[in-house]
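Peer 1: Need coordinates for the below:
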Amino acid sequence: MVDEHAVPRDGGIAVKYGKVQLAVFNFSSRGEWYATQNMCPHRQDMVLSRGIIGDHSGKPKVACPLHKKTFALDSGECLSGEDYKIGTFPVQVTGGIVYVQLPPAETLEAQLCKLNDGCETDTAAE
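Peer 2: Model prediction:
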């Protein structure tokens, strides 16, 4: 749960859930919300929440601020041509509160580590 006013317009924030960091995005110019893992699988840096969101042939995307790998916010697929993928999660905004649908924290951690061929989850949220 996050207050919708805590997320910048056309930007994102990092939130911690168990040992996992998530990125929550307010794509206000499209009227849409997204949630993904915060870790960029390219170098396993916790930076996607600071990435630039935009459009890639009609698909909402985020570009990693470090190496510009781009990922579809709706499916998690890498749009840069590499074989990376990020975890994405359903989002609902009700009464000014952003809700992200997630499995239990331990299950999520295991799923993301498997998706990203191992990961570091102990880094503190930004």
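Peer 1: what's the residue positioned nearest the centre of the chain in contact with, if anything?
Peer 2: The centre of the chain sits closest to residue 36, judged by Cα atoms, centre = their mean, with a distance of 2.4 Å. When the contact criterion is Cβ atoms under 8 Å, 6 or more residues apart in numbering, the partners of residue 36 are 22, 23, 25, 48, 62, 71, 73, 76, 86, 87, 88, 89. Bear in mind the C-beta positions are built from the backbone N, C-alpha and C, glycine included.
Peer 1: most neighbours, which of these?
Peer 2: Going through those with other Cβ atoms under 10 Å as the criterion, the one with the most neighbours is residue 71, at 30 neighbours.
Peer 1: Give the bridge partners for it, please.
Peer 2: residue 62, residue 78 (DSSP bridges).
Peer 1: What separation do you get for it and residue 24?
Peer 2: When Cβ to Cβ, to the nearest Å is applied, the distance between residue 71 and residue 24 equals 15 Å.
Peer 1: ditto for residue 111
Peer 2: Applying Cβ to Cβ, the value for residue 111 to residue 24 is 18 Å.
Peer 1: And those two? Which one has more around it.
Peer 2: The neighbour count for residue 111 versus residue 24, taken as other Cβ under 10 Å, is higher for residue 24 (23 against 14).
Peer 1: Could you give the bridge partners of the closest residue in space to the more buried one that isn't next to it in sequence?
Peer 2: Distances taken as Cβ to Cβ, 6 or more residues apart in numbering put residue 35 closest to residue 24, at 5.1 Å, once the chain neighbours are dropped. On the basis of DSSP bridges, residue 35 is bridged to residue 24, residue 89.
Peer 1: Check the gap between residue 35 and residue 19 for me.
Peer 2: Residue 35 sits 17 Å away from residue 19 when distances are taken as Cβ to Cβ.
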